[in-house]
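> structure for the following, please:
(one chain, ligands or ions: 2)
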Amino acid sequence: MARFEGIDFYDIDSLLSEEERMVRDTIRAWVEDRLMPIIGDAYINRTFPRELIPEMGELGVLGANLPEKYGCAGLNNVAYGIIMQELERGDSGIRSFVSVQGALVMYPIFAFGSEEHRTEWLPKLATGEAIGCFGLTEPDYGSNPAGMITTAKKTDSGWLLNGTKMWITNGSMADVAVVWAQTGETGDVKGIRGFVVPTNTPGFSARDQKGKLSLLASDTSELLMQDVELPDSAMMPESTVGLKAPLMCLTQARYGIAWGAVGAAMACFDEALSYAKQRVMFDTTIAGKQIQQVRLADMLTSITQGQLLTYHLGRKKDDGTMTPQQVSLAKRANCDMATDIAREARRLLGANGILAEYHSMRHMANLESVYTYEGTHDIHSLILGQAVTGVSAF
Ligand code: TGC
Ligand code: FAD
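Numbering: from 1, shown residues only. Ligands and ions are numbered 1, 2, ... in the order given. Predicted structure coming up:
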């Protein structure tokens, strides 16, 4: 099979530094050599390829934009975004694993944890020796986490955690969970705090989410917490009380998702283009049919727009001028774009398009989750609506 070149119609490559290009080439080759040969089977067998975790640790993709002091790669945010793009070119489930580990577990421990939390967990999470998960969503509080009912009650010796978290990526594999809970500290519903919870603490358990039809090569679980006793030190001391800290984590993860979705779209375009060039119907390749050329031209245009969006967003994140609303725009636009492209690519492939041997339908099914998690498309519409009108319509 030909090696993946990656569509780059506006030569964004020329805007990258040598280090950023090297990161891109390294991760691209790893995805090609190590992930692509096994992902179709992993998907069909509904298993996350755990054997790849140490390799991802060695590649430095876990918490890649966090400081070297804690065993991380210390890359800039464009390089970090490129990693997400290249991983999701392989599979959204692999990128999800890396997003959650880096943006939703290592980032909050780094930004809001104590120095003990950082030194205990970050080096192990960076190598993949430890796995993390992030528990915000609850069965009745998805888009509106402010209403969460998981509680952390203050006791003489620490905290008592009770509640259920739902749809938690890496949940059953995790050694440590970052859990958000109501402490009632401020007397209102927004007394939310974050806790670093080793998953072997008595009373803590995880249960696989059964029956998924999307993101099959990913661990999605429910977290059950029944009288989980935690020491005082489990609370992340640097976080403000309320939703701001978890929302700051979501900004990090949504940023990576905006890049990742472009990777999935690039993979589908590549597959559609190469298929169109070799599939002969009515005596010529379908690449020579006007309808398929329009389809490919539409895909090319949308991907190029998505690439420019993430590239510029990445430079803004690196110079400290990126806003959460700009991240919402990119997450919303690129997930929408990628879901459309995956569907169009699958259609171009005809019947072959429904086989796991090809990749577009797997991406198409995965992207339904990506469109929904980290703030649904609708929620990002409302964030943008509020940004331009000044009126909240949630
Ligand atoms: P609101 O009153 O608007 O905000 C509270 C405070 O937070 C600030 N803020 C943010 N800060 C950083 N980044 C953001 N994105 C922020 N959004 C808001 C805000 O300025 C305010 O600060 P302050 O100083 O005034 O207190 O909060 P709200 O309760 O009204 O919520 C607004 C809403 C609906 C946008 C928010 O709840 C939301 O984003 N809901 C969507 C929920 C969501 O995205 N859940 C994701 C769960 S994790 C996940 O899906 C992982 S999938 C991972 C994978 O597998 O890859
Ligand atoms: P709901 O909030 O019930 O939304 C249902 C519908 O109503 C949607 O169409 C939504 O857009 C719409 N809607 C909601 N509010 C409004 C409104 N105000 N106006 C108009 N329409 C509205 N969460 C974690 O905490 N950690 C994880 O690791 C994690 N991983 C996930 C992995 C997968 C595979 C999936 C699918 C989800 C994951 N999630 C995780 C949860 C995810 O963040 C939520 O599913 C998401 O935030 C949406 O919540 P919900 O499913 O409860 O939908």
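> and the closest residue to Ala146 other than its chain neighbours, how many neighbours?
Spatial nearest neighbour of Ala146, chain neighbours left out: Leu243 (5.5 Å); criterion: CB to CB, 6 or more residues apart in numbering. No exception for glycine: its C-beta is placed from N, CA and C like everyone else's. Per other CB atoms under 10 Å, the neighbour tally for Leu243 reads 17.
> surely Leu243 is in contact with Pro145?
Yes. Between Leu243 and Pro145 there is a contact under CB atoms under 8 Å: 6.5 Å.
> contacts only, for Ala174.
131-133, 199, 206 (CB atoms under 8 Å, 6 or more residues apart in numbering).
> next, give me the two most distant ones among those residues.
Spanning the widest gap among the contacts of Ala174 are Gly132 and Ala206, at 12.5 Å by CB to CB.
> these two: which has the busier surroundings?
Set Gly132 next to Ala206 and count neighbours by other CB under 10 Å: Gly132 wins out with 27 against 21.
> and that one, what are its bridge partners?
Val176 (DSSP bridges).
> wait, it touches Leu125, no?
Yes. When contacts are counted by CB under 8 Å, Gly132 is listed as touching Leu125 (5.6 Å).
> tell me how many other residues surround the residue in the stretch 101-250 of the chain that ligand 2 sits nearest to.
Going by CB to the nearest ligand atom, ligand 2 is nearest to Gly142 of the stretch 101-250 of the chain, at 1.8 Å. Residues lying near Gly142 (other CB under 10 Å) number 17.
> can you pull the pLDDT of it?
The pLDDT attached to Gly142 in the predicted structure is 98.
> same thing with Glu185?
For Glu185, the predicted pLDDT is 69.
> quickly list what's touching both of Gly132 and Leu125.
With CB under 8 Å, 6+ apart as the test, Gly132 and Leu125 both reach 101, 105-106, 176.
> got JSON lines for those, with distance to Thr304 too?
Below are these laid out as JSON lines (distance: CB to CB, whole Å):
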{"residue": "Gln101", "distance to Thr304": "30"}
{"residue": "Val105", "distance to Thr304": "33"}
{"residue": "Met106", "distance to Thr304": "32"}
{"residue": "Val176", "distance to Thr304": "40"}
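> take those and keep only those in strands.
Those of the shared contacts of Gly132 and Leu125 mapping onto strands are Val176, per DSSP state E.
> ok, Leu384 - contacts?
Leu384 touches 325, 328-329, 332, counting by CB under 8 Å, 6+ apart.
> make it 10 Å
Neighbouring residues of Leu384 by CB atoms under 10 Å, 6 or more residues apart in numbering: 325-326, 328-329, 332-333.
> which helix or which strand is home to it?
Using DSSP states H and E, Leu384 sits within helix 377-389.
> got a pLDDT number for Thr240?
What the model reports as pLDDT for Thr240 is 86.
> ok, now which ones touch Ile27?
If you count contacts by CB under 10 Å, 6+ apart, then Ile27 has 35, 56, 59-61, 64, 79, 82-87, 89-90, 263 around it.
> just the CA coordinates for the helix or strand hosting it, please, in PDB.
Assigned by DSSP H and E, Ile27 falls within helix 18-30. This file holds the C-alpha atoms of helix 18-30, laid out as PDB (Å, rounded to 0.1, in the frame of the first residue of the first chain):
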ATOM      1  CA  GLU A  18      11.400  22.000  11.100                       C
ATOM      2  CA  GLU A  19      10.500  20.500  14.500                       C
ATOM      3  CA  GLU A  20       6.700  20.600  13.700                       C
ATOM      4  CA  ARG A  21       7.400  18.800  10.400                       C
ATOM      5  CA  MET A  22       9.500  16.200  12.100                       C
ATOM      6  CA  VAL A  23       6.700  15.600  14.700                       C
ATOM      7  CA  ARG A  24       4.200  15.200  11.800                       C
ATOM      8  CA  ASP A  25       6.500  12.800   9.900                       C
ATOM      9  CA  THR A  26       7.200  10.700  13.000                       C
ATOM     10  CA  ILE A  27       3.600  10.300  14.100                       C
ATOM     11  CA  ARG A  28       2.400   9.800  10.500                       C
ATOM     12  CA  ALA A  29       4.900   6.900  10.000                       C
ATOM     13  CA  TRP A  30       3.900   5.400  13.400                       C
END
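> in that helix, what counts as buried?
By neighbour count on 16 or more other CB atoms under 10 Å, the buried set for helix 18-30 is 20, 23-24, 26-28, 30.
> what does the stretch 101-250 of the chain put close to ligand 1?
Contact residues (CB under 6 Å from any ligand atom) of the stretch 101-250 of the chain with ligand 1: 134, 136-137, 143-146, 169, 242-244, 247-248, 250.
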